[in-house]
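Student: what would the 3D arrangement of this be:
(one chain, ligands or ions: 1)
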Amino acid sequence: MDSIIVNGGSALNGQIPIAGAKNACLTLMPATLLSEEPLTLTNAPRLSDIKTMTALLASLGAEVQSLQDGQVIAMSSHGEINPVADYEIVRKMRASNLVLGPLLARMGHAVVSLPGGCAIGARPMDLHIDALTALGAEIELKDGYLHANAPKGLKGAVYEFPLVSVGATENALMAATLAKGTTVLKNAAREPEIGDLAKCLRSMGAQIDDDGKGTLTIEGVDRLHGATHPVVTDRIELGTYMLAPAIAGGEVELLGGRRDLLDAFCVKLEEAGIDVTETDKGLKVSRMNGRIRAVDVVTEPFPGFPTDLQAQMMALLCTAEGKSVLEERIFENRFMHAPELTRMGADIEVHGGTATVTGVERLKGAPVMATDLRASVSLILAGLAAEGETVVSRVYHLDRGYEHVVGKLRGVGASIERIKG
Ligand code: EPZ
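Tutor: Numbering: from 1, shown residues only. Okay, the predicted model is just below:
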C-alpha cells in the first residue's frame, strides 16, 4: 500500500485548480438510468469512486465511456437494463445505493444490496426506503438486499424527511421525476450537489421547483431526454485546499472556488484569523501573521458547517491559540483522525460526538495511518506545518476523493511525495 511523505515547514504560494464534485458526480451518473437517451457529464473528477460507479452502471447494462482523460463521462442506458446492484460492488461504496431510485422509476423493479456500515458509521437506509415507499414502492429486505417493486409505476406524494439525508433526498428526487403526478419533498437536503442534480434533471426535461428552503416540488413526466451537464465544483476539495495555506502559511488561489458553496466554513476560517478573498478566478486564502485563533465548530446539514470538512478543520485547530470544541452531529464515529493527530503531538480529548482541541505551538512529524477519506487528508494537512517528516500510510483512501493530491500541493511549494508500497 502506498504512503505519502510530507516534510513540514514551507509556506505555500501559487494556485490550485479545483475539480468537479465527487459527491455530485456520484448522483449524476445514476441519473443516466432515467432516460434511454445519452447523458454526458463534463468537468468530471478522476477518482476511484467514479471508477466504482462506472463498474456498477456497466453491471446494470448501461454503457459508460470515460473520455478526455476522465474529465468527460459519456453514458447511455438504452439497452437491456439488469436491475440488480450486486453486493460485491455496493459494499465498496455506499453511494452505489443511488441507483435504487432511478432503477425503480425506469424499470418498476430493483434489487440493491444494502451497503453495510463503513468506518464513519452504520449508514442505514431507512429514510431512502420511507421516501420511496411514500412514492408507492413496495420494498422488503431479503438476504441483505433491498427488493423494491412498483409494478404500477410510482405515484407522486407529499413526504417530509424526519432527518436531513443527502442520499435519500437524491434517490427520492430522481424517482419522483418519472412518478405520476406531483411529489413534494419536505426537509430535503440542500447541499449544492442536490442543486446540481436538479439542474441536470431539468436539462433532461424534469419539472422541479426548489424553494431554496428545503422543499422540492416535482411534477412527474412520462420520459426524460438526454443532456450534457457540467459537474459543479467540489466544495469539499475546495475547503480542504483552503486549509493548506491556513495551516502552512503563505497565500494560495483556489481556481474555480466559489464562496457560496461553503460560506459557513469560510466564516469559521475568518474567525480563526485567515483571510479569504474572492477573485475573478476563484478564492484566495492567506494566513495573516500570528497564531491561529481557536474557534468552535458544529457540523450540520447545508448551509451549516460541512461534516466532510470537520477532520481537516481539526488539523488547523491543533496549533490554534486556545481551546476549540468540535461537535460532530452528522456521523457517530467521525473522529478517527484524532488519535493520529495526537501521535503528532496534538492535545485532543474526544467524548462521544465532541472533541476538545487545546492548541499547541507546533506539531511534530510522525508515522500516521489514514482510516477514511477525509481523515487521511487531514493528516497530510497537519504534516504541512509539522516539524520534520510525517509518513501517512494506507493512502488508497485518498484516491477515492482527491485527484493528484501530491501534484496539487507540490505545485504550491509543499515538500511532499508518494512512495509506492
Ligand atoms: C453524503 O452521504 C455524502 N456522500 C457524504 O460524504 C456526506 O458526509 C454526507 O452526505 C453528509 O453530508 C455522497 O454524497 C456520496 P446522509 P449520505 O444520508 O447521503 C443518517 C465523503 O466524505 N441516515 O446525508 O450517505 C446517516 O447515518 C462522504 O465524501 C439515516 O439515519 O449521508 C447520517 O448520520 C462521507 N438513514 C445522516 O443521516 C438513512 O436512510 C446523514 O447521512 C440515511 C441516512
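
Student: going forward, measure contacts between C-alpha atoms and count neighbours the same way
Tutor: Noted.

Student: quick check: residues of the stretch 51-200 of the chain near the ligand?
Tutor: Taking CA under 6 Å from any ligand atom, the part of the stretch 51-200 of the chain that reaches the ligand is made up of Ala95, Arg123, Pro124, Met125, Asp126, Leu127, His128, Ser165, Val166, Gly167, Ala168.

Student: turn those residues into JSON lines, columns for neighbour count.
Tutor: Converted to JSON lines, these look like this (neighbours: other CA atoms under 10 Å):
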{"residue": "Ala95", "neighbour count": "18"}
{"residue": "Arg123", "neighbour count": "15"}
{"residue": "Pro124", "neighbour count": "13"}
{"residue": "Met125", "neighbour count": "16"}
{"residue": "Asp126", "neighbour count": "9"}
{"residue": "Leu127", "neighbour count": "19"}
{"residue": "His128", "neighbour count": "22"}
{"residue": "Ser165", "neighbour count": "19"}
{"residue": "Val166", "neighbour count": "18"}
{"residue": "Gly167", "neighbour count": "20"}
{"residue": "Ala168", "neighbour count": "25"}
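
Student: just the residues you listed now: which is nearest Leu409?
Tutor: Using CA to CA, Ala95 is the member of these that sits closest to Leu409, with 27.7 Å.

Student: make sure the closest one is actually in contact with Cys25.
Tutor: No - with the criterion set as CA atoms under 8 Å, Ala95 and Cys25 do not qualify as a contacting pair; they are 10.3 Å apart.

Student: check contacts around Ala248.
Tutor: Gly8, Gly9, Ser10, Ala11, Leu12, Leu384, Ala385 (CA atoms under 8 Å, 6 or more residues apart in numbering).

Student: can you give me the neighbour number for the first one?
Tutor: Residues within reach of Gly8, counting by other CA atoms under 10 Å, total 24.

Student: same check on the last one?
Tutor: Here the neighbour count serves as a burial measure; for Ala385 (other CA under 10 Å) it reads 29.

Student: ok, back up a step: any chance of the contacts of Ala248 in TSV, plus secondary structure and distance to the ligand?
Tutor: Conversion of these to TSV gives the following (DSSP: H, G, I helix; E, B strand; the rest coil; distance: CA to the nearest ligand atom, whole Å):
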residue	secondary structure	distance to the ligand
Gly8	coil	25
Gly9	coil	27
Ser10	coil	28
Ala11	coil	27
Leu12	strand	25
Leu384	helix	21
Ala385	helix	23
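
Student: can you select the buried ones among the residues you listed for me in ChimeraX?
Tutor: With 16 or more other CA atoms under 10 Å as the criterion, this ChimeraX line picks the buried residues out of the contacts of Ala248:
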select :8,9,10,11,12,384,385
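
Student: and which of the contacts of Ala248 is nearest Val295?
Tutor: Compare each of these with Val295 using CA to CA and the shortest gap goes to Ala385, at 19.0 Å.

Student: retrieve the pLDDT associated with that closest one.
Tutor: The confidence metric pLDDT takes the value 92 at Ala385.

Student: can you pull the contacts of it?
Tutor: With the criterion set at CA under 8 Å, 6+ apart, Ala385 makes contact with Gly8, Gly9, Ser10, Ile247, Ala248, Arg362, Leu363.

Student: pretty sure the last one contacts Arg343?
Tutor: Read it as Leu363. No - here Leu363 does not reach Arg343: they are 9.1 Å apart, not a contact under CA under 8 Å.

Student: so which of these two has more stuff around it?
Tutor: Between Leu363 and Arg343, counted using other CA under 10 Å, Leu363 has the larger neighbour count: 25 against 15.

Student: got a list of what the more buried one touches?
Tutor: The contact partners of Leu363, by CA under 8 Å, 6+ apart, come to Cys318, Thr319, Met344, Gly345, Ala346, Ala382, Gly383, Ala385, Ala386, Glu387.

Student: make it 7 Å
Tutor: For Leu363, the contacting residues are Met344, Gly345, Ala346, Ala386, Glu387, by CA atoms under 7 Å, 6 or more residues apart in numbering.

Student: same thing with Leu269?
Tutor: Contact analysis of Leu269 by CA under 7 Å, 6+ apart lists nothing.

Student: what about it, which helix or strand?
Tutor: Element membership of Leu269 [criterion: DSSP states H and E] is helix 263-271.

Student: quick check: what element follows that helix along the chain?
Tutor: Proceeding C-terminally, helix 263-271 gives way to strand 274-278 as the next helix or strand, assigned by DSSP H and E.

Student: which residues touch that following strand?
Tutor: Under the contact criterion CA under 7 Å, 6+ apart, strand 274-278 has outside partners Ala246, Glu270, Leu283, Lys284, Val285, Ser286, Arg287, Met288.

Student: neighbouring strands of it in the sheet, and parallel or not?
Tutor: Strands that pair with strand 274-278, judged by DSSP bridges, come out as strand 282-287 (antiparallel).

Student: downstream neighbour of the partner strand in the secondary structure list?
Tutor: Toward the C-terminus, strand 282-287 is succeeded by strand 297-298 as the next helix or strand (DSSP H and E).

Student: what helices or strands is that next one leaning on?
Tutor: Packed against strand 297-298, as judged by 3 or more CA pairs under 7 Å, 6 or more residues apart in numbering; DSSP states H and E, are the following elements: strand 323-327.

Student: in the helix or strand just after the strand it packs on, which residues are buried?
Tutor: Counting by DSSP H and E, the next helix or strand C-terminal to strand 323-327 is helix 337-343. Neighbour counts over helix 337-343 (16+ other CA under 10 Å) mark His337, Ala338, Pro339, Glu340, Leu341, Thr342 as buried.

Student: likewise stretch 217-237?
Tutor: Within stretch 217-237, the residues that count as buried by 16+ other CA under 10 Å are 217-221, 224-237.

Student: narrow those residues to those in strands?
Tutor: Thr217, Ile218, Glu219, Ala227, Thr228, His229, Pro230 (DSSP state E).

Student: surely Ser286 meets Ile247?
Tutor: No - Ser286 lies out of contact with Ile247 (CA atoms under 7 Å); the separation is 9.8 Å.

Student: compare the two (neighbour count), which wins?
Tutor: Applying other CA under 10 Å to Ser286 and Ile247 shows that Ile247 carries more neighbours, namely 29 against 24.
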